[in-house]
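Asker: next one to model:
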Amino acid sequence: MDATNRTFALVVPTLNEAGNIGVVLERTVNALNRQSIPWQLLIVDDESSDGTYAIACEFAKSESRVRVLQRRAQRGLAGAITYGWSQTNAELLGVIDADLQHPPELLPDLLAELSSGFDVAIASRYIRPHSMDTWSPLRRAISRASVLLSTLVQKPVKVLDPMSGFFVLRRDCIAGMTFQQRGFKLLLEILSRGHIRSAVEVPFTFEPRQRGKSKANAITGVQYITLLCRLCLKGGVQK
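Answerer: Okay, the predicted model is just below:
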């Protein structure tokens, strides 16, 4: 079946994003309305303490295609994403961060790539020159090193931005699979273990965070190295 005859579900995982979520949802709905695939928007909140959940629920009152889910006593970006995907029967799946660093306006382009036959369409930070000029030299160096290490487990399809938090894919690419629940690098695990035959990257410029705090810290780095080791040595990660 052609992708244009399918439904699409986009997950927005949230944790204390009250300053961003309203704008994210408005821009995302506008972007999704510019393309022809029937869609659902699922906000998965990990018990935010700043009112994110309430803001999302209020927005959902005016848009029936928006659902707000809340996980109790759970943390982990990857787990929030896969939980959201499990709550829908949509054949096409996606994720976008709630921090406004990803442009929702790119969604029609990503979905068009699935319609043209690709299994995964990735919003990539590494194609457009100077797309991460707002990052410090140290952060850029760490990011580049992480991408280089990721080539050890990307198979058989290799991409330039395997750790993007903004991508769409066909559900059958991950059918029957269980993924890690913690960590930020779900796409890398999908590329390593999923049924991926083709991938395409669509360039975008990474915007600086304006509100709220980044969730990345030293533990994120440890989780990434742990994931790499498991993918290299054990051929995948089990729940």
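
Asker: can you give me the end-to-end distance of stretch 195-204?
Answerer: Length of stretch 195-204, first residue to last, Cα to Cα, to the nearest Å: 26 Å.

Asker: likewise stretch 181-200?
Answerer: 25 Å.

Asker: now that stretch: mean pLDDT?
Answerer: Taken as a whole, stretch 181-200 has a mean pLDDT of 86.

Asker: same check, this time on stretch 117-134
Answerer: 81.

Asker: from the contact counts, what lies against the host helix or strand of Ala31?
Answerer: Assessed by DSSP states H and E, Ala31 sits inside helix 21-32. Applying 3 or more Cβ pairs under 8 Å, 6 or more residues apart in numbering; DSSP states H and E, we find helix 21-32 packed against strand 8-14, strand 39-45, helix 52-60, helix 107-115. Where C-beta positions appear, they are placed from N, C-alpha and C, glycine not excepted.

Asker: how about a markdown table for those, with mean neighbour count added?
Answerer: Formatted as a markdown table, the helices and strands packed on helix 21-32 follow (neighbours: other Cβ atoms under 10 Å):
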| stretch | mean neighbour count |
| --- | --- |
| strand 8-14 | 26 |
| strand 39-45 | 24 |
| helix 52-60 | 19 |
| helix 107-115 | 21 |
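
Asker: save the ones you listed as TSV, and put in distance to Asn89 too.
Answerer: Compiled in TSV, those are given as follows (distance: least, Cβ to Cβ, whole Å):
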stretch	distance to Asn89
strand 8-14	8
strand 39-45	9
helix 52-60	19
helix 107-115	17
